[in-house]
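The following comprises the amino acid sequence and a computationally predicted model.
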Amino acid sequence: MGEHEPPNFLALPPEASGFAESGVVVLPVPYEATTSYGGGTQGGPEAIIQASSQVELYDREFGEEPALRWGIHTLPPLPLDVETPEAAVDEIAAAVAELAATGKLVVVLGGEHTVSVGVARGLHRALGDFLTVQLDAHADLRDSYEGTPYSHACAARRITELGPVVQIGIRSLDVSEAEFLEAHPDQVTVFFADDIRRDAGWLDRFVDRVRGRRVFLTLDIDALDPSIIPSTGTPEPGGLLWYETLEILRALTEHAEVIAFDCVELAPIPGLHAPDFTTAKLIYKTMSYVMRRRLPV
Ligand SMILES: [Mn+2]
């Protein structure tokens, strides 16, 4: 990569990162407005892209350098000069709809979880119905939080308005969210973090739920345990570990068609590289699993 080229995901050479020839397009959305505890998610996309330059392109699981086969184009960060979270969601939706219409795999880097509402709306506009799979510590099913229905704490609730949601890794919710789950069993299926640790058969039930479906995957990085990802606004103990996360993603992509995914809520801690690197590698792994099932552009 030339000295003056803008950084791209995995620091790919020009022949594997041009827009036209790439099967994957990365859209950084450093949006943060409604964070309620620790901030810093606006630094997520830049930290992920920076750390990704240290991820090996070769992946032993695939026996090749997958990214060189299908290509990844990294767009400049989406400029969001807006007054309200709703306006931000609208602009994200417009950008995602346009990208999804190209047929490339759209990968959005957040930012706070509100970003995912824009992604979901844009995908729905461009590609029609889908099921959402959400890896997260938090249910994010509040109808409104701190005065706005577009808080990060309401992300999944807004997405249920577009279609069913399957949640994995949840270990934090309030009474209104528990009541919503109770009242809408068809809209949201939850595999709680503590339940999946006790029940080895849960992955088969998850596969039954997603088999043959078109899926939008939203990866809230706080789904992972704070021992490996401390860099997030609202960390929760008892999260997913590396290999079990890969197992979930492998099962999902083997049995469902992932039409797009995002990764949100990384709030980098200066000087602490491991969480940024882990997130970048998780994103490359997810791309590789999804692209294994897709024809090249
Ligand atoms: Mn979360």
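Great, that's in hand.

Show me what stretch 184-200 is in contact with.
Stretch 184-200 is contacted by residues 137, 139, 141, 156, 160, 164-171, 180-181, 202-203, 205-206, 209, 238-240 when judged by C-beta atoms under 8 Å, 6 or more residues apart in numbering. Where you see a C-beta, it was placed from the backbone N, CA and C, and this is true even at glycine.

So which of those would count as near the ion as well?
Applying C-beta under 5 Å from the ion to the contacts of stretch 184-200, one finds that residue 137 fall near the ion.

Which ones among the contacts of stretch 184-200 map onto helices?
Among those, the members found in helices (DSSP state H) are 156, 160, 180, 181, 202, 203, 205, 206, 209.

Let me see the confidence value for the fifth one.
In other words, residue 202. The score at residue 202 is 98. That number is its pLDDT.

burial measure for it, as a count.
16 (other C-beta atoms under 10 Å).

Equivalent analysis for the last one, please.
Residue neighbour count, defined by other C-beta under 10 Å, stands at 16 for residue 209.

thought it was touching residue 166?
Yes: with contact defined as C-beta atoms under 8 Å, residue 209 and residue 166 form a contacting pair (5.6 Å).

Other residues contacting stretch 167-178?
Contacts for stretch 167-178 (C-beta under 8 Å, 6+ apart): 133-139, 141-143, 156, 181, 188-194, 196, 206, 223, 234, 236-240, 248.

Quick one: end-to-end length of that stretch, please.
End-to-end distance of stretch 167-178 (C-alpha to C-alpha, to the nearest Å): 13 Å.

For the stretch 101-250 of the chain, which residues are neighbours of the ion?
136, 137, 138, 220, 222.

which of these are buried?
136, 137, 138, 220, 222 (16 or more other C-beta atoms under 10 Å).

got the contact list for the first one?
For residue 136, the residues meeting the contact criterion (C-beta under 8 Å, 6+ apart) are 113, 156, 167, 168, 169, 170, 218, 220, 222, 223.

Present those residues as CSV; the columns should include pLDDT.
As requested, these are exported to CSV (pLDDT from 0 to 100):
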residue, pLDDT
113, 95
156, 97
167, 98
168, 98
169, 98
170, 98
218, 98
220, 98
222, 98
223, 98
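
Give me the subset of those lying in strands.
If you go by DSSP state E, these have 167, 168, 169, 170, 218, 220 in strands.

In the residues you listed, which residue is surrounded by the most others?
The most crowded member of these is residue 218, carrying 30 neighbours; neighbours defined as other C-beta under 10 Å.

What are the boundaries of the strands in this protein?
Going by DSSP E, the chain shows strands at 24-29, 72-74, 105-110, 131-135, 165-170, 188-192, 214-220, 257-264.

deepest of the ones you listed, which one?
strand 105-110 (a mean of 28; mean count of other C-beta atoms under 10 Å).

Would you mind pulling the contact partners of that strand?
By C-beta under 8 Å, 6+ apart, strand 105-110 touches 23-31, 41, 44-45, 48-49, 92, 96, 99-100, 115-116, 119, 123, 258-266, 283, 287, 290-291, 294.
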